[in-house]
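Q: One predicted model, sequence on top.
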Amino acid sequence: MTLVSKSHLIRTTCVIRKSPNEATGHVSCFTTSHSLHDNQPEAGRGTSNWIGPPHPISNIRPLKLRTPRSDGEKKIQALRLKVWEYNHHFWETHNRDFEQSKQKFVEKTLKEQQQGNSEVASPGRRKLTATELSVFYKQFLDEKFAQHCNYFRVWMKLQCALNWALLKNNIHVLFSRNKK
């Protein structure tokens, strides 16, 4: 797994604080950002998971997972990375296709407007209005409907496998603690 070129990691830590005379606690979270080039020994090797900046095309944030403590956790991390890779690949391909299709649609529509001497066409016009682009958005989503359904189906299977592994691991940890 590679991180995006603008290399910063974000670490979010949440702490539940409860005073002795309170029935419930409150959660306080803080976020720290570090450059990947800094010497951060815990980045991907310590006790925390790290999340990088969004990929420029897929908009999926890269993960640096902590060192697994058990075989169960190792399997869970492998499944988590499989889900991440599937999401990243799908959205990178989808977003690239979307931008290319949109560019072709805009060029074609502007050319047609200039040839047809449309009243909305002006000689230096380079953008379409939101209403004009809505035609493209509907057309693109209609064309990609089957792909989105397939993506959702596969994603749900991967998520169910991940959730099942999490459940099995948590039950194993719970019973192993009770035996001690």
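A: Sure thing, it's come through. Numbers count the residues shown, from 1 in each chain.
Q: quick one, helices of the protein?
A: In the chain, the helices defined using DSSP state H lie at 71-115, 130-143, 145-179.
Q: Give me the residues contacting stretch 129-137.
A: 101, 102, 105, 106, 109, 120 (Cβ atoms under 8 Å, 6 or more residues apart in numbering). The way it works is simple: take the backbone N, C-alpha and C, and place the C-beta from them, glycine included.
Q: What are the buried residues along that stretch?
A: Using 16 or more other Cβ atoms under 10 Å as the test for burial, stretch 129-137 gives residue 136.
Q: Measure how buried residue 95 is and give me the count.
A: The local packing of residue 95 (other Cβ atoms under 10 Å) involves 16 other residues.
Q: which residues does the residue lying closest to it once chain neighbours are set aside contact?
A: Excluding its sequence neighbours, the residue lying closest to residue 95 (Cβ to Cβ, 6 or more residues apart in numbering) is residue 57, at 5.4 Å. Neighbouring residues of residue 57 by Cβ under 8 Å, 6+ apart: 91, 92, 95, 96.
Q: Then residue 128?
A: Counted by Cβ under 8 Å, 6+ apart, residue 128 has contacts 106, 109, 110.
Q: With residue 77 instead?
A: Going by Cβ under 8 Å, 6+ apart, residue 77 touches 65, 68.
Q: any idea how far it is from residue 71?
A: As defined by Cβ to Cβ, to the nearest Å, residue 77 lies at a distance of 11 Å from residue 71.
Q: hang on, the earlier thing: identify, from the contacts of residue 128, the entry nearest to residue 165.
A: Lowest distance from residue 165 to these (Cβ to Cβ) belongs to residue 106, with 45.0 Å.
Q: Tell me how many other residues surround that closest one.
A: When counting by other Cβ under 10 Å, one arrives at 16 neighbours for residue 106.
Q: So it sits against residue 127, correct?
A: Yes: Residue 106 is within contact range of residue 127, at 7.5 Å (criterion: Cβ atoms under 8 Å).
Q: Residue 162 and residue 137, how far apart?
A: Using Cβ to Cβ, residue 162 is found at 32 Å from residue 137.
Q: Residue 86 too?
A: For residue 86, the distance to residue 137 - Cβ to Cβ - is 25 Å.
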